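**Q** structure, please.
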Amino acid sequence: MVDLKVLTEAMGALGEEKVMSLLRDFLATNPTAGDAQQVVNACQQGMAIVGDLFEQGEYFVGDLIFAGELLTNAIEILKPVIGQESSEKIGKIVLGTVHGDLHDIGKNIFRSMAEAAGFEVHDIGIDQPPSAFVDKVKEVNPDIVGMSGVLTLALESMKNTVDALKEAGIRDRVKIIIGGNPVTKEACVQIGADAFTTNAAEGVKICQRWVKNYD
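**A** Sure, this is the predicted structure:
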């Protein structure tokens, strides 16, 4: 098993060669899905370090983007172990970062993990108005809508999006999960979502439970 602390520190230091070397060594040990999940969590903890250093002014926007790409690549490498992509999808998710928010790292982590778990994910991108979510839900008829946001103002945009889905008469057709730093249990209730998470892996598990209950 890879040294999770070393991996977290390497991710936090944006050490691409070190991270990839550790992951390759890890894959060579024939790991289980549970082991891979621990490795993903260690990488996510490294991302938390990156976020802290950004807030302290030691990292810049370019570093955040690089970190996001590094994490996406790490999850891509781990996908075969996290869960085989099934040709038969277990459910459909419309995913996007809400209006006024340009962050996509958390969204991209969730998308990669959801796809690895067998979901068909329709990612509509960042800074998406309520109408974009409504249009995509009408188009692809998903089981779940996922809304992401990092800024506090994202909470209002999430509520506006849920309200727009209600006005369009399609709110009851989907489960809604919200994710990001500012989301709380209280915010989830106020927004009108069905669940919230600040952890991509937990979010995927919630979605898996939902589609199993549909069957």
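
**Q** pLDDT weak spots in this structure?
**A** 83-87, 116, 214-215 (pLDDT under 70).

**Q** quick one: contacts for the residue most central in space within it?
**A** Residue closest to the average C-alpha location in the chain (C-alpha atoms, centre = their mean): residue 110, at 2.0 Å. For residue 110, the contact set (C-beta atoms under 8 Å, 6 or more residues apart in numbering) comprises 95, 146, 148, 179, 200, 203, 204. All C-beta atoms are positioned from the backbone trio N, CA, C, and that covers glycine.

**Q** ok, how many other residues are close to the closest residue to the first one other than its chain neighbours?
**A** So the one you mean is residue 95. Among residues not flanking residue 95 along the chain, residue 146 sits closest, at 4.3 Å (C-beta to C-beta, 6 or more residues apart in numbering). Here the number of neighbours of residue 146 (other C-beta atoms under 10 Å) works out to 32.

**Q** my read is residue 146 is in a strand, agree?
**A** Yes: counting by DSSP: H, G, I helix; E, B strand; the rest coil, residue 146 is found in a strand.

**Q** thought it was touching residue 203?
**A** Yes: using C-beta atoms under 8 Å, residue 146 is in contact with residue 203, at 7.3 Å.

**Q** intersection of neighbour lists for those two?
**A** In contact with both residue 146 and residue 203: 110, 114, 177, 179, using C-beta under 8 Å, 6+ apart.

**Q** quick check: residue 142 vs residue 130, distance?
**A** Separation of residue 142 from residue 130 (C-beta to C-beta, to the nearest Å) stands at 16 Å.

**Q** can you check residue 154 too?
**A** 12 Å.

**Q** can you check residue 5 too?
**A** 42 Å.

**Q** also residue 106?
**A** Residue 106 is 20 Å from residue 130, by C-beta to C-beta.

**Q** neighbour count winner among those two?
**A** Of the pair residue 106 and residue 130, residue 106 is the one with more neighbours under other C-beta under 10 Å, namely 24 against 21.
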